[in-house]
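**Q** Okay, here's the prediction I keep looking at, along with the sequence it came from:
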Amino acid sequence: MIECEGLVKIYKSDDLEVVALQGLNLNVQDGEMMAIIGNSGSGKSTLLNILGGLDRPSAGSVKVGPWDLLKITDDQLVEYKRDTVGFIWQNNARNLLPYLSAIENVEMPMMLSGRLDRAYAKQLLEWVGLKERMHNKLHQLSGGEQQRVAMAISLSNRPKLVLADEPTGSVDSRTSDLIMDIFRRLNRELGITIVIVTHDLSLAGKVDRVVAIRDGLTSTEFIKRNPNLDAAEAAVNNPIGNVHEEYVVVDRVGRLQIPKAYLTALQITDKASMEFDGERIIITPPKSLEG
């Protein structure tokens, strides 16, 4: 569904250039539900905006299904955003029109694309647990209920890919669990590819695969040890470590990012020694740094 190779994004302002993505590589399979994590400024939101058609890449390759987002025209981009991708923001104000009811909000994207389907709009609100609330105005809904309306809106035009930017960032832990359960059910029953950007490790621990981004590059991946294991069984203080196996990502030219904690522990800064013992690659500080 998603294939990024050497993806670069540069923001320019007067004499200042900021490189948000520095050659990022990422592959997401059709029907997968995965999370992207990273600190503020790591490039994860930039990546999501590019995948959502909200921003243009500067260089590299980025494909979503049959669409090449580097070469796509403006008219094609409108079609892509209308038919292929659904978006859920952390801020409900970006998802919803406050003067409309829940069902009217869900119907709005359908109307804009000329494909109004009230029966499907009702079904979507039933799927997210708002059957009895669909005719309520937004001020009559809680924050968690509004976010579930946003989930229904993201599915209104039957997209193949749903992108969620911190979808549980403004709700309590109980509502967060409910939202993640809905994501999982929609992923399994409808086969929709779901990519969630988050800094919440407990949320990330509830998906099959987690990709960590650091300084505009993919650094490590966490893959669930047992696909049949419910991630809710993970300990609260270490949700990823107890459920997922960590892997360093190696790109096509052999580059890898070593986790920062390892480099700090070994006092490795700009250089390191590397040797191959026949079975393992061993990375050590330069001889001058060894104590």
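**A** That came through, no problem. Numbers count the residues shown, from 1 in each chain.

**Q** so how far is the helix or strand encompassing F183 off the chain centroid?
**A** For F183, the host element (DSSP states H and E) is helix 173-190. Centre-to-centre, helix 173-190 and its host chain are 15 Å apart (C-alpha atoms, centre = their mean, to the nearest Å).

**Q** Please name every helix or strand in contact with it.
**A** Judged by 3 or more C-beta pairs under 8 Å, 6 or more residues apart in numbering; DSSP states H and E, helix 173-190 is in contact with strand 33-37, helix 118-127, helix 143-154, strand 193-198, helix 201-204. Just so you know, the C-beta spots here come from the backbone N, C-alpha and C atoms, and that holds for glycine as well.

**Q** Which of those sits closest to G86?
**A** Proximity to G86 (C-beta to C-beta) singles out helix 143-154 among the helices and strands packed on helix 173-190, at 3.3 Å.

**Q** Could you report the distance from the residue most central in space within the chain to L100?
**A** The residue lying closest to the centre of the chain (C-alpha atoms, centre = their mean) is I196, at 3.0 Å. In this view, I196 and L100 are 26 Å apart by C-beta to C-beta, to the nearest Å.

**Q** Contact partners for S170?
**A** 90-92, 143, 147 (C-beta atoms under 8 Å, 6 or more residues apart in numbering).

**Q** out of these, which is most surrounded?
**A** Counting neighbours by other C-beta atoms under 10 Å, Q147 comes out on top of these with 28 neighbours.

**Q** So that residue sits against E166, correct?
**A** No - in this structure, Q147 is not within contact of E166 by C-beta atoms under 8 Å, at 10.5 Å.

**Q** Domain-wise, how is this protein divided?
**A** Domains of the chain are assigned by automatic domain parsing as 28-57+72-257, 258-291.

**Q** Tell me the buried residues in the shortest one?
**A** What it means is domain 258-291. 268, 285 (16 or more other C-beta atoms under 10 Å).

**Q** any weak-confidence spans in this protein?
**A** Filtered on pLDDT under 70, the chain yields the residue ranges 92-93, 204-205, 225-244, 288-291.

**Q** where exactly do the strands run in it?
**A** Using DSSP state E, the strands found in the chain span residues 2-13, 16-28, 33-37, 59-64, 67-68, 85-88, 161-165, 193-198, 209-214, 217-224, 244-248, 273-276, 281-284.

**Q** Save those as a markdown table, and put in distance to S154 too.
**A** Shown next, in a markdown table, are the strands of the chain (distance: least, C-beta to C-beta, whole Å):
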| stretch | distance to S154 |
| --- | --- |
| strand 2-13 | 16 |
| strand 16-28 | 17 |
| strand 33-37 | 14 |
| strand 59-64 | 15 |
| strand 67-68 | 18 |
| strand 85-88 | 3 |
| strand 161-165 | 5 |
| strand 193-198 | 10 |
| strand 209-214 | 21 |
| strand 217-224 | 24 |
| strand 244-248 | 26 |
| strand 273-276 | 45 |
| strand 281-284 | 43 |
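
**Q** Great, nothing more from me.
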